[in-house]
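*Asks:* Okay, structure incoming, though there's no sequence with it:
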């Protein structure tokens, strides 16, 4: 059974990421499962740290992007989600290639959500594991949705 409370598709996710940090880092959503969202990110000069390896902050951006987007589609239209806390353990270094991040829920509550995001290399070896805690808020008079948050 799907966890999604709103219509979700890859075209919408990738379109709303244009002209954001997400597109600047080359993050592309690639799959939506019954309870997961997957995206890829290149490991290259613009995601490297000065030693030529994947920057841990880039991994955290991928993790928070996946968890936050997934969270917002797992709540009703009268709610929106914002990040409260994120942690990341960097397991393996990478100098080139592509990483794949997969966000899956650990807890989908009324006021909080917790998401696990695992980032792997092309050989399915774990590069980074992250946990994102989300606050679920109720909309007031102003509209909070992915489109208006980009303005």
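*Replies:* Now that the structure is in, tell me what you want to look at. The structure displayed is predicted, hence computed values, not measured ones.
*Asks:* Could you give the bridge partners of residue 100?
*Replies:* Counting by DSSP bridges, residue 100 is bridged to residue 40, residue 120.
*Asks:* what's the single longest helix in this protein?
*Replies:* Using DSSP state H, we find that the single longest helix of the chain is helix 56-73.
*Asks:* in it, what's buried?
*Replies:* The neighbour-count check on helix 56-73 (16 or more other Cβ atoms under 10 Å) flags 58-73 as buried. For the C-beta atoms, the positions are set from N, CA and C on the backbone; glycine is no exception.
*Asks:* middle-most residue in this structure, spatially?
*Replies:* Geometric centre of the chain, nearest residue: residue 66, 1.2 Å, by Cα atoms, centre = their mean.
*Asks:* In this structure that one contacts residue 100, no?
*Replies:* No: Residue 66 lies out of contact with residue 100 (Cβ atoms under 8 Å); the separation is 10.3 Å.
*Asks:* shared neighbours, those two?
*Replies:* Listed as contacting both residue 66 and residue 100 by Cβ atoms under 8 Å, 6 or more residues apart in numbering are 38, 39.
*Asks:* in a helix, that's where residue 15 is, yeah?
*Replies:* Yes: the assignment for residue 15 (DSSP: H, G, I helix; E, B strand; the rest coil) places it in a helix.
*Asks:* In contact with it: list those residues for me.
*Replies:* Contact criterion Cβ under 8 Å, 6+ apart gives no residues in contact with residue 15.
*Asks:* for residue 124, same thing?
*Replies:* Counted by Cβ under 8 Å, 6+ apart, residue 124 has zero contacts.
*Asks:* and it, how far is that from residue 135?
*Replies:* According to Cβ to Cβ, to the nearest Å, residue 124 and residue 135 sit 32 Å apart.
*Asks:* Mind checking the pLDDT average for stretch 64-81?
*Replies:* Averaged across stretch 64-81, the pLDDT comes to 97.
*Asks:* Can you give me the end-to-end span of that stretch?
*Replies:* 12 Å (Cα to Cα, to the nearest Å).
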